[in-house]
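Undergrad: Just a sequence and a predicted model for now, questions to come.
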Amino acid sequence: MQQLWNRLREQAAQTFDLPGDIVAGLPRMELVGDREFWIEGHRGILSYGTEEIHIGAGRMAVCVRGSGLDLRSMNGETLCISGKITAVELS
């Protein structure tokens, strides 16, 4: 059944010329240098600190590591973290 849903999502993405990540419900992430991290489609903050921030991202979690990390902005869809970013890990 899961394979059928995956095929339907792929076909819909191709038919309507939609990005596959949006159709599949995957988060979109962008790292700007080593100073900003953006994520669209997040599921909220799991834990927060100045050296490590964990973000829910659907079936995975994203861990942003660094120093002086700060949650610059957050709304229902987009989240921005600023500071000196040294690593982004997916689990």
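TA: Arrived safely, thanks for sending. These numbers come from a predicted model, not from an experiment. Numbering: from 1, shown residues only.

Undergrad: Identify each buried residue in the longest strand along the chain, please.
TA: As assigned by DSSP state E, the longest strand anywhere in the chain is strand 60-74. The neighbour-count check on strand 60-74 (16 or more other Cβ atoms under 10 Å) flags 62, 64-66, 69 as buried. Where you see a C-beta, it was placed from the backbone N, CA and C, and this is true even at glycine.

Undergrad: In CSV: those residues, plus pLDDT and distance to E52.
TA: Formatted as CSV, the buried residues of strand 60-74 follow (pLDDT from 0 to 100; distance: Cβ to Cβ, whole Å):
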residue, pLDDT, distance to E52
V62, 97, 11
V64, 98, 7
R65, 98, 5
G66, 98, 8
L69, 98, 7
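
Undergrad: Need those in a markdown table (columns: distance to C80).
TA: Shown next, in a markdown table, are the buried residues of strand 60-74 (distance: Cβ to Cβ, whole Å):
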| residue | distance to C80 |
| --- | --- |
| V62 | 13 |
| V64 | 11 |
| R65 | 16 |
| G66 | 14 |
| L69 | 11 |
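
Undergrad: Can you list the helices and strands that the longest strand of the chain packs against?
TA: strand 36-40, strand 44-48, strand 52-57, strand 78-90 (3 or more Cβ pairs under 8 Å, 6 or more residues apart in numbering; DSSP states H and E).

Undergrad: let's see 6 Å
TA: Here strand 60-74 touches strand 52-57, strand 78-90, going by 3 or more Cβ pairs under 6 Å, 6 or more residues apart in numbering; DSSP states H and E.
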